[in-house]
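In: Sequence and predicted model, in that order:
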Amino acid sequence: MSNLIERAKAILLSPKPTWETIKGETTTVGEVYTGFLVPLAAIPAVAVLIRHVLLVGFHYLGRALVGAVLSYALTLLGVFIAGKVIDALAPSFGATKNNLNAFRVAAYSWTPALIAGILGIVPFLAPLGLLASLYGIYLLYLGVLILMACPPEKAVVYTIVCVVVMFVLFAITGAIVAGVTVGLGASSHYGNSGGSKVAERIIETGLAKQGVKAHVDTAGGKVTVETKDGSATYAAGGNVKIPNDFPKDVFVYSGAKVLTSMSTPQGTHLTLQTKDSADKVISAMKREMTAAGWKEESSMTQTGVSMLSYKKSERTAAVVVMTADNQTTIQLTISSE
């Protein structure tokens, strides 16, 4: 337990030297799970149970227990999947593929969010948990710089894409757990303008510490990060549309709803959702991308997640397909080399 506490303190208070230390370690995926993630991921799960008892007593405690266990298991799985995605996207941003390091980046950058899970006991403290999670974005940025050897000029965009993927994983986890624990507690609300402004300043300050001058604006359902190299815009909500500059030769699954979009100087990213099966989506993607002149570089399926990568001239396309709660989520990332 002492090692767990020391590592958590180190990654939170001295992230850069701690990432350097982690880079030189020989710990395996299993050891990171058992020595760090398994006990830490229990914090938000236990908080769910405590909140339930405080709000409604011991009524429906069995359902709340199921929800907590399910949330715990899906969190552990989500970290694993996030690591796979970080590794799969590495070549698109000039980083070095390394499955173990990618998993470490996912695991340790999740530290603030997991610890802040204790705040879920009191609903009105939930916005503080959001701010803690945003610090995880800074940790992720440092992680891809150091462990994935990402070029500094591409690290910001690489981080943003990884954050989008993690956001989708959290959303899927939340939807599944909500289906089990519906009606058990009050919802958390993060959408206040004051919290948004604080979040903007946190991201700007974190990037500034690494020499990246950025202006972050979260107004209008969009997040825009402006740097000397150009701007990156991320949009999410009910009225998201495919960006005008999205490549016409990239296949977008017919009828899929656009959940998020992102445009950067290096490329574009879409998150889509459909009720069709993952197999149907993957089959269509393989057929249409090949027909459009894209060459398939790799194809992998593991633990319910499929990843495809394509190349065409000086561009790469990364596709991530995953299914949960009878919905198939599609991640499309197009980048220039």
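Out: Everything's here; your move. Since the structure is predicted, the reported quantities are computational estimates derived from the model, not experimental observations.

In: Only C-alpha atoms from now on, for both contacts and neighbour counts.
Out: Will do.

In: what's near enough to touch the closest residue to G267 other than its chain neighbours?
Out: Leaving aside its chain neighbours, G267 sits nearest to S335 (4.2 Å; criterion: CA to CA, 6 or more residues apart in numbering). Applying CA atoms under 8 Å, 6 or more residues apart in numbering, we find S335 in contact with S92, F93, Q266, G267, T268, R315, T316, A317.

In: Please check those and keep the buried ones.
Out: S92, F93, Q266, G267, T268, T316, A317 (16 or more other CA atoms under 10 Å).

In: And V281, how close does it get to Y135?
Out: Separation of V281 from Y135 (CA to CA, to the nearest Å) stands at 35 Å.

In: er, N239 actually
Out: N239 is 28 Å from Y135, by CA to CA.

In: more neighbours, the two?
Out: Set N239 next to Y135 and count neighbours by other CA atoms under 10 Å: Y135 wins out with 22 against 11.

In: what helix or strand is that one on?
Out: According to DSSP states H and E, Y135 maps onto helix 126-146.

In: same question for that helix, mean pLDDT?
Out: Per-region confidence: helix 126-146 scores 79 on mean pLDDT.

In: Where is pLDDT lowest across the contacts of S335?
Out: On pLDDT alone, Q266 ranks lowest of the contacts of S335, at 63.

In: Show me how the chain divides into domains.
Out: Segmentation of the chain into domains, based on automatic domain parsing, reads 1-190, 237-337.

In: Please give me every residue in contact with V144.
Out: Contacts for V144 (CA under 8 Å, 6+ apart) come out as A95, V105, C150, A155, Y158, T159.

In: Quick one: neighbours of the third one, just the number.
Out: For C150, the count of nearby residues is 24 (other CA under 10 Å).

In: Same check on A318?
Out: Other residues lying near A318 total 24 when counted by other CA under 10 Å.

In: Skipping its backbone neighbours, what lies nearest it in space?
Out: Closest residue to A318 in three dimensions, ignoring its sequence neighbours and counting by CA to CA, 6+ apart: S309, at 4.5 Å.

In: and that neighbour, which of the three is it?
Out: What DSSP: H, G, I helix; E, B strand; the rest coil gives for S309 is strand.

In: For T333, see how far away the residue nearest to I282 when sequence neighbours are not counted is.
Out: Nearest non-adjacent residue to I282, counting by CA to CA, 6+ apart: V321, 7.5 Å away. Computed with CA to CA, the distance linking V321 and T333 is 12 Å.

In: helices or strands up against the strand or helix carrying A284?
Out: Using DSSP H and E, A284 maps to helix 278-291. If you count contacts as 3 or more CA pairs under 8 Å, 6 or more residues apart in numbering; DSSP states H and E, helix 278-291 packs onto strand 295-302, strand 315-324.

In: From the rest of the structure, what touches it?
Out: If you take CA under 8 Å, 6+ apart as the criterion, helix 278-291 is touched by D249, V250, F251, Y253, K295, E296, V321, M322, T323, T328.

In: so that helix versus strand 295-302, what angle?
Out: Angle of helix 278-291 versus strand 295-302, following axes from the mean of the first three to the mean of the last three CA atoms, to 10 degrees, is 170 degrees.

In: L12 reaches A113, doesn't it?
Out: No - L12 is beyond contact range of A113, at 11.1 Å (criterion: CA atoms under 8 Å).

In: who has more neighbours, these two?
Out: Taking other CA under 10 Å, L12 and A113 do not tie; A113 has more neighbours (21 against 18).

In: Would you agree that one is in contact with L119?
Out: No - judged on CA under 8 Å, A113 makes no contact with L119 at a distance of 10.1 Å.

In: What segments of this structure are helices?
Out: Secondary structure of the chain (DSSP state H): helices at 2-13, 15-23, 29-32, 38-56, 61-89, 99-109, 111-115, 126-146, 152-181, 193-208, 278-291.

In: hey, least reliable of the ones you listed by pLDDT?
Out: Note on these: helix 193-208 shows the lowest mean pLDDT, a mean of 55.

In: ok, A95 - contacts?
Out: For A95, the contact set (CA under 8 Å, 6+ apart) comprises V144, M148, A149, C150, P151.

In: Leaving out sequence neighbours, find the closest residue to F80.
Out: Closest to F80 by CA to CA, 6+ apart is F103, at 6.4 Å.

In: what's the burial count for that neighbour?
Out: F103 has 23 neighbours, counted by other CA under 10 Å.

In: need the contact list for Y158.
Out: Shown in contact with Y158 (CA under 8 Å, 6+ apart): L89, A90, F93, V144.

In: Distance to G24 added to those residues, as a markdown table?
Out: Output for the contacts of Y158, formatted as a markdown table (distance: CA to CA, whole Å):
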| residue | distance to G24 |
| --- | --- |
| L89 | 22 |
| A90 | 19 |
| F93 | 23 |
| V144 | 15 |
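
In: out of those, which one sits closest to A8?
Out: Lowest distance from A8 to the contacts of Y158 (CA to CA) belongs to V144, with 18.4 Å.

In: what about that closest one, distance to S263?
Out: Separation of V144 from S263 (CA to CA): 20 Å.

In: Check S298 too.
Out: Taking CA to CA as the measure, S298 falls 24 Å from S263.

In: Appreciated, that's everything.
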